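A.B. asks: Need a 3D model of the following:
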Amino acid sequence: MVRIGVVNIDTSHPKAFAEIFAQNGKAVYAGIYNDSFRGDDEVQGFMRTAGIKKRYTSVADMAKDVDVGFVQGCDWDTHLAYAQPFIDAGKPVFIDKPIVGNVRDVNKLRALAQQGAMILGSSCMRYAPQITQFLALPEEERGAIVSLHSTCGVDEFNYAIHAVEAIGGLVGTGAVSCTYVGGGQVGSIQGETYAVQYDNGIVATYAMTYGQWQKSVVSVLTTKRTYVLEPAGYDAMLDLVIDSVATGQRLTAPVEALAESILIMLAGRISRAQGGTKVNLKDIPMDDPGFDGAVFKAGYAAAAKPMYV
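C.D. replies: Model (predicted):
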């Protein structure tokens, strides 16, 4: 059984993942390090329900005792720092979505992967059965993908990354540019849409609503018909992550694919600030601030209710 060391339990993901592992018997949370906004009562509650025996005061110490790290805090700007002790110990590390939030960290992520680190991630939508089953259909039957429209709710990055990762799961890499198409408001609900141009001619759009949860949906137009997919569920991603750890062979998407999803959204953010100009992914400046993980965490923490007691 694969032993997981978790870093920070900000979101509902550790709870949901632990329930899945309890059912499939493939992995277990074996250690925890927490220095985020969840208090000691919630840490102790998660330790009880997940069967964790030890709370660590050092990520490096925990990395020595487990098979894989799960970095699950909601401040994406701290993800790589928390992942580093696992990498230094020669251990794989799963980084929850969004994996990073600026171009400098994208480059660090790429460098770590090139140096041999096994970094696994990050959105379950990329690996959802609805997507893999579509791809398993013979192209002569389903048709070649011409364009896609991917939607989700809540916010511009933390949840919206699901929409972009779903696109990546379907078309792979090769995004060239991203353009802010526009935004609108109906009643109290705001929405925005962005367009991504790929080097093979495919155009994908992604759209999100703010402050309103809704399931992820992808409409796929092929040369033969239109498919509507509703990707969901953590199980498929977790199976791939744990099997990657157990076998030592990466079964999840390569880091370059995960990095491209972030670059798409960074380019889209710049395009919006520039009034809808097309922004090439390769032209994102190194000093671009990106999405602010600390600001997001502060808002998330302020709105969070106890979930682990």
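A.B. asks: Show me what counts as buried in stretch 141-149.
C.D. replies: Going by neighbour count (16 or more other Cβ atoms under 10 Å), the buried part of stretch 141-149 is 142-143, 145, 147-149. All C-beta atoms are positioned from the backbone trio N, CA, C, and that covers glycine.
A.B. asks: packing partners for the longest helix anywhere in the chain?
C.D. replies: Criterion DSSP state H: the longest helix present in the chain is helix 255-273. Applying 3 or more Cβ pairs under 8 Å, 6 or more residues apart in numbering; DSSP states H and E, one finds that helix 255-273 makes contact with helix 103-114, helix 160-171, strand 175-186, strand 189-198, strand 279-280.
A.B. asks: what's the distance between the closest residue to residue 203 other than its chain neighbours and residue 268?
C.D. replies: The shortest distance from residue 203 to any non-neighbouring residue, by Cβ to Cβ, 6 or more residues apart in numbering, is to residue 147 (4.8 Å). Here residue 147 is placed at a distance of 17 Å from residue 268 (Cβ to Cβ, to the nearest Å).
A.B. asks: Can you give the domain ranges for the chain?
C.D. replies: 2-98+292-303, 125-233+264-283 (automatic domain parsing).
A.B. asks: what's the residue nearest to the spatial centre of the chain in contact with, if anything?
C.D. replies: For the chain, residue 97 is the residue whose C-alpha lies nearest the centre (Cα atoms, centre = their mean; 2.6 Å). By Cβ atoms under 8 Å, 6 or more residues apart in numbering, the residues touching residue 97 are 121-123, 158, 161-162, 165.
A.B. asks: go again using 7 Å as the cut-off
C.D. replies: 121-123, 161 (Cβ atoms under 7 Å, 6 or more residues apart in numbering).
A.B. asks: cool, residue 167 as well?
C.D. replies: Contacts of residue 167 by Cβ under 7 Å, 6+ apart are 148, 150, 196, 204, 206.
A.B. asks: among those residues, which are in strands?
C.D. replies: Secondary structure assignment by DSSP state E places 148, 150, 196, 204, 206 of the contacts of residue 167 in strands.
A.B. asks: Let me have those in TSV, extended by pLDDT.
C.D. replies: Supplementary listing: the ones in strands among the contacts of residue 167 in TSV, determined by pLDDT from 0 to 100:
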residue	pLDDT
148	99
150	99
196	99
204	99
206	99
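A.B. asks: With distance to residue 50 added, can I get those in JSON lines?
C.D. replies: JSON lines is the format used below for the ones in strands among the contacts of residue 167 (distance: Cβ to Cβ, whole Å):
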{"residue": "148", "distance to residue 50": "37"}
{"residue": "150", "distance to residue 50": "32"}
{"residue": "196", "distance to residue 50": "38"}
{"residue": "204", "distance to residue 50": "37"}
{"residue": "206", "distance to residue 50": "34"}
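A.B. asks: Buried by neighbour count, from the residues you listed: which ones?
C.D. replies: 148, 150, 196, 204, 206.
A.B. asks: now the third one: how far from residue 145?
C.D. replies: Okay, so that is residue 196. 13 Å.
A.B. asks: The chain: strands as residue ranges?
C.D. replies: Under DSSP E, the chain gives strands at 2-7, 27-33, 54-55, 68-71, 93-95, 119-120, 145-152, 175-186, 189-198, 203-210, 217-222, 226-229, 279-280.
A.B. asks: Pipe those strands into JSON lines and attach distance to residue 303 per row.
C.D. replies: JSON lines is the format used below for these (distance: least, Cβ to Cβ, whole Å):
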{"stretch": "strand 2-7", "distance to residue 303": "22"}
{"stretch": "strand 27-33", "distance to residue 303": "23"}
{"stretch": "strand 54-55", "distance to residue 303": "26"}
{"stretch": "strand 68-71", "distance to residue 303": "22"}
{"stretch": "strand 93-95", "distance to residue 303": "23"}
{"stretch": "strand 119-120", "distance to residue 303": "28"}
{"stretch": "strand 145-152", "distance to residue 303": "18"}
{"stretch": "strand 175-186", "distance to residue 303": "21"}
{"stretch": "strand 189-198", "distance to residue 303": "18"}
{"stretch": "strand 203-210", "distance to residue 303": "14"}
{"stretch": "strand 217-222", "distance to residue 303": "25"}
{"stretch": "strand 226-229", "distance to residue 303": "30"}
{"stretch": "strand 279-280", "distance to residue 303": "31"}
